[in-house]
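Chemist: structure for this input, please:
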Amino acid sequence: MTNKMIQRTALAVGLVALLTLQACGTSTVSQRISGEGTAGEVVFPAQKDAWFKEGTFPNLDNLRRIAPGVTKDQLYDFVGRPHFSEGMGAVREWDYIFHFRTPTGVKTCQYKAIFDKHVVAQSFHWLPTDCADVLKVAAAPMPPAPVERVVARPAPKRVELSADALFAFDGSATSDLLPQGRQELDALAASLRGAQGVERIDITGHTDRLGSSRYNQQLSLARAATVRDYLVKAGVPARGIQVQGLGETAPKVQCAQANRNALIACLAPNRRVDISVQSAS
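Modeler: Just a heads-up that it's a prediction; the model follows:
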C-alpha cells in the first residue's frame, strides 16, 4: 500500500469516528454555559462514562498551545477527539482523560474545553485543579528577593461537613437541612464573616457510590449549592464563592459489605461537603 493510500485510509477512519461521536452526542453536563464560553458551574462527567476510558498521554507542547480562540478542528489536531460521546457539531463542551508521567508515578486528570455560541473554545478546566501544573515550564533562576519582601501565603483552611449531619436522607434543598446541619453552617458563617482577607471559598459536594453516577452528580452539586446559598443568606459575601459537585468520583473509603445497611454505614465518610477557604494573609 502506498503512503498516499495509507494517509487516505487514516483520514477516512478519523472522519468515521467523528461522525459516530456526532450521532451519539450528549447534552452538556456543566451548568449555565454562556454565549461567551464560560460556565456558572463546571461539572465533569464520571470517567466510567467515557467511551475511551483508557485515555491518552497527550503531547505537552500541544496542550500548551491551546488557548481561548481555538476551533474544534484545531483542538482535535492538538489532542484528538473528545473521550466522551460529545460529537463535533453544536455541542458546547469537550472532555478528555489525560495521563502524565511524574517523578512519583502516573497522574490521571480530566480536561474540559467549553465553547462559546460560535463553537470556539474560550475556557478550559482541570480535575483535579492542580493538574494544570503539568503545563508549567520551569522559569530561569531569579535572584533571591529581599527577606522583607517575602510574604508567606497561608494554606487554605479546609472544613469537612458530613452530608448525613447536614441533610435529611436523599435531601439537598434548604428545607432538607437538619437542625445539626444548620448549627454547623451558622458557626461556619460566623467564622467566615469575621475572617480577614478571604479571597476565595470553594464548596464541593460528594456522594457515595449508591445510585446512578448521573443522579449522584446532580445530588452532590445541589447540596454544594444549598450550602453556598445558606452561607450567603447568613452574611457571607457571595463574591468569590465557587461550587462544584464531584458525585461519587472522589471517595474517602472503599466498602464491600453485603448487607445494605452495613454498606450505607460504611460509606458515610464519602457523603460530605468539603469547604476550602483561601485568604490573602
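Chemist: and Val106, how many neighbours?
Modeler: By other C-beta atoms under 10 Å, 9 other residues sit near Val106. The way it works is simple: take the backbone N, C-alpha and C, and place the C-beta from them, glycine included.
Chemist: equivalent analysis for Phe169, please.
Modeler: Counted with other C-beta under 10 Å, Phe169 comes out at 9.
Chemist: ok, now the one 4 residues further on?
Modeler: Burial of Ala173 is recorded as 13 neighbouring residues (other C-beta under 10 Å).
Chemist: thought it was touching Arg223?
Modeler: No. With contact defined as C-beta atoms under 8 Å, Ala173 does not count as touching Arg223 (9.2 Å).
Chemist: tell me the domain ranges of this structure?
Modeler: 26-135, 151-279 (automatic domain parsing).
Chemist: and Val134, what's its pLDDT?
Modeler: Predicted confidence (pLDDT) for Val134: 86.
Chemist: kindly report the same for Cys109.
Modeler: 96.
Chemist: next one: Gly35
Modeler: 91.
Chemist: in which helix or strand would I find it?
Modeler: Assigned by DSSP states H and E, Gly35 falls within no helix or strand.
Chemist: what's the closest non-adjacent residue to Gln122?
Modeler: Gly37 (2.8 Å; C-beta to C-beta, 6 or more residues apart in numbering).
Chemist: equivalent analysis for Lys53, please.
Modeler: Gln47 (6.6 Å).
Chemist: the one you found against His99, yeah?
Modeler: No. Using C-beta under 8 Å, Gln47 makes no contact with His99, being 11.6 Å away.
Chemist: can you report how many residues neighbour Gly194?
Modeler: With other C-beta under 10 Å as criterion, Gly194 counts 7.
Chemist: same thing with the one 10 residues further on?
Modeler: Neighbourhood size, Thr204 [other C-beta under 10 Å]: 21.
Chemist: OK, contacts around it?
Modeler: By C-beta atoms under 8 Å, 6 or more residues apart in numbering, the contact list for Thr204 reads Ser220, Ala224, Val243, Gln244, Gly245, Leu246, Val273, Asp274, Ile275, Ser276.
Chemist: so who does the last one touch?
Modeler: If I follow you right, that is Ser276. Pro156, Lys157, Arg158, Val159, Arg200, Ile201, Asp202, Thr204.
Chemist: many thanks, we can stop here.
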